[in-house]
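Student: My questions are about this predicted structure, shown below with the sequence.
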Amino acid sequence: MKLSDLRLFRQYAYIDGKWTHGDAGREQAVTNPATGEVLGHVPLLEAEQIRGAVGAADRAFVHWRGLRVDERCDRLLAWYNLLQAHREDLATLMTLEQGKPLPDARGEVEYGASFVRWFAEESKRTFGQTIPSHIPNSTLGTLKEPVGVAALITPWNFPLAMITRKAGAALAAGCPVVVKPAGETPFTALALAELAERAGIPAGVFNVVLGDAPTVSEVLCKDTRVMALSFTGSTPVGRLLLEQSASTVKRVSLELGGNAPFIVGPDVDPKEAALAAVAAKFQTAGQDCLAANRILVHEDIHDAFVAHFAERMKALTVGNGLDSEVDLGPLIHERAVEKATAIVDDALSRGATLVHGDQSQAPGRNFFMPTLLTGVTAEMQVWREENFSPVAGITRYRSDDEVIEMANDTEYGLSAYLYTYDVRRIWKIMRALKNGMVAVNTVKMTGPPIPFGGVKQSGLGREGGTAGIEEFLETKYYCIGGL
Ligand code: NAD
């Protein structure tokens, strides 16, 4: 492992400030998706050990919530500074276990760390209210209090940022956390724990558990001491966790799948829009919940747009994320390649046209070459499903009303993109879209100050912004009478 600080490469779980192996000695190998090489092993914990981590977090709660707010803020800022100082090692770990190109991994460290800084500051602003009283001789108001232990279950596509976006908010609110990272990418999570410890975050406040995903998640969802569940991942697993959390009536936040429409109006420069669409589609090899999944182009500029899109995507380089000049790394595993292949086959069998994408050029087993389909229709999987691969599908439309209907024709409602210079069209379409986030004439929309999240079956709640910390706070109302 080529890291400058080898203590960042941990092959244990982290519970109550201790590096821990599995009680039954069960382990899981973690592989590099680009090469198939085994990077290391992590323990698979038993259910009792997961409950032990919750117990540790529960015991740490009194101390952590009781710290002066500036002390909590300082420790989070120390964590932020350590993330920045170890950017290169964290990025290397991420590229090794996730596959994304190194520059993207460095960008994720920056992005992920920025949430820790944002929420460190936000911890100072969890104000309650004074309420003008309707009861004689009384004072009314609210306090904001941390909900308690939070379970954070995260995916493999952004192994660092999906943890810090949640943990930054939870820790700032005063809640200890039990993190369950994806089995594919545990090492980044464990490096975060190592740096949290160095930052002075006390034992029991930041725990990382590993194990069989269904078992670990069920234990966390059903434990009455876990007061909040924050999950990022697929919609089917999100539904399951929501059901499992019902028995203990937890606070649940879900950041689930997306099926983003990318709408291109008739009035835009087709080249500008095509370059933006390529950026929005192929980031993280298409394994991004914000990826442009359905590209809807007005008939007036459709052909020019397709030509520019194809030209730009032909220039994309696919390879090992550690090599320089690589734009797309591998998919996370072979199942993802099989799914992408099935999606392309389904589209072709239903009449789509393959404009670009020769899989014989793929540099390895887990790689999928950027692929462009035109003539995509609503019956095709590439339209209906979040394809989570570098398969782009383009559909031609004729009017604003038609494209609004097309864009909303999905169970998902995370993000949407709109390219048009017409102010009336911007407002009309933006307001009609059933999405939690809409980016207009840009593809860069995320960051700490914004409320990230979806509607419909893309989730519940928001991460980031002033809303993000609220997911981990209770509002306590008080009424003091007899005054
Ligand atoms: P996933 O749902 O398979 O896994 C997410 C987490 O749940 C992992 O920790 C995994 O180990 C665990 N898990 C998997 N199966 C489980 C089960 N049966 N029971 C309990 N836990 C289980 O998702 P993924 O493949 O890791 O990530 C991709 C998905 O995440 C995509 O749908 C993507 O859109 C979504 N995502 C959403 C956002 C967002 O902010 N909305 C961000 C990133 C990714």
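Tutor: Now that the structure is in, tell me what you want to look at. Because the structure is predicted, anything quoted here is derived from the model rather than measured.
Student: Find the closest residue to the ligand in the stretch 151-300 of the chain.
Tutor: Residue of the stretch 151-300 of the chain nearest the ligand, by CB to the nearest ligand atom: residue 233 (2.6 Å). Just so you know, the C-beta spots here come from the backbone N, C-alpha and C atoms, and that holds for glycine as well.
Student: mind saving the C-alpha coords of stretch 323-337 as CSV?
Tutor: Only the C-alpha atoms of stretch 323-337 are listed here, as CSV (Å, rounded to 0.1, in the frame of the first residue of the first chain):
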residue,chain,number,x,y,z
ASP,A,323,-2.7,6.3,-14.1
SER,A,324,-2.5,9.9,-15.2
GLU,A,325,-4.8,11.2,-17.9
VAL,A,326,-7.6,8.7,-17.1
ASP,A,327,-11.1,10.1,-17.1
LEU,A,328,-13.1,7.0,-16.2
GLY,A,329,-12.0,4.2,-13.9
PRO,A,330,-13.6,0.8,-13.6
LEU,A,331,-17.1,0.0,-12.4
ILE,A,332,-17.2,-1.2,-8.8
HIS,A,333,-17.6,-4.9,-9.7
GLU,A,334,-18.5,-7.3,-12.4
ARG,A,335,-22.2,-7.3,-11.6
ALA,A,336,-22.2,-3.6,-12.5
VAL,A,337,-20.7,-4.4,-15.9
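Student: So that stretch, near the ligand or not?
Tutor: No. Stretch 323-337 does not reach the ligand (CB under 6 Å from any ligand atom); its nearest approach is 7.4 Å.
Student: what's the answer for stretch 421-438, then?
Tutor: No. For stretch 421-438, no contact with the ligand is found by CB under 6 Å from any ligand atom; the gap never falls below 8.8 Å.
Student: which residues sit against that stretch?
Tutor: 260-261, 263, 265, 267-268, 400, 403-404, 407-408, 413-418, 420, 440-441, 445, 450-456, 458-459, 462 (CB atoms under 8 Å, 6 or more residues apart in numbering).
Student: Report the buried residues of it.
Tutor: The neighbour-count check on stretch 421-438 (16 or more other CB atoms under 10 Å) flags 425, 426, 429, 430, 433, 434, 435, 436, 437, 438 as buried.
Student: and what of stretch 86-103?
Tutor: For stretch 86-103, burial by neighbour count (16+ other CB under 10 Å) applies to 86-87, 89-102.
Student: Let me know whether that stretch sits next to the ligand.
Tutor: No. Using CB under 6 Å from any ligand atom, stretch 86-103 stays clear of the ligand, coming no nearer than 10.6 Å.
Student: just the strands in the stretch 151-300 of the chain please.
Tutor: Assigned by DSSP state E, counting those that start in this stretch, the stretch 151-300 of the chain shows strands spanning 177-180, 206-208, 226-232, 251-255, 260-264, 292-298.
Student: Just send those back as CSV, with mean pLDDT too.
Tutor: Output for the strands of the stretch 151-300 of the chain, formatted as CSV (pLDDT from 0 to 100):
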stretch, mean pLDDT
strand 177-180, 99
strand 206-208, 99
strand 226-232, 98
strand 251-255, 98
strand 260-264, 98
strand 292-298, 98
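Student: Tell me, how many residues neighbour the residue lying closest to the residue of the stretch 151-300 of the chain closest to the ligand once chain neighbours are set aside?
Tutor: What sits nearest to residue 233 in space, not counting adjacent residues and going by CB to CB, 6 or more residues apart in numbering, is residue 155, at 4.6 Å. The number of residues packed near residue 155 is 20, by other CB atoms under 10 Å.
Student: Enumerate every residue touching residue 155.
Tutor: 162, 182, 232, 233, 234.
Student: again, 7 Å this time
Tutor: Residue 155 makes contact with 162, 182, 232, 233, according to CB atoms under 7 Å, 6 or more residues apart in numbering.
Student: Now do the nearest residue to the first one once chain neighbours are set aside, the pLDDT please.
Tutor: In space, residue 162 comes closest to residue 154 once its chain neighbours are excluded; the distance is 4.2 Å by CB to CB, 6+ apart. Listed pLDDT for residue 154 reads 98.
Student: Point out the residues in the protein that sit beside the ligand.
Tutor: Proximity of the chain to the ligand is confined to 153-158, 162, 180, 182-183, 213-214, 217, 232-234, 237, 240, 255-258, 289, 386, 414, 454, 459 under the rule CB under 6 Å from any ligand atom.
Student: Mind checking which of these are in helices?
Tutor: Applying DSSP state H to the residues of the chain next to the ligand, the entries found in helices are 162, 213, 214, 217, 237, 240.
Student: Make CSV from those residues and add pLDDT, distance to residue 202 and neighbour count to it.
Tutor: Shown next, in CSV, are those (pLDDT from 0 to 100; distance: CB to CB, whole Å; neighbours: other CB atoms under 10 Å):
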residue, pLDDT, distance to residue 202, neighbour count
162, 98, 23, 30
213, 98, 28, 14
214, 98, 31, 11
217, 97, 26, 23
237, 98, 31, 19
240, 98, 33, 16
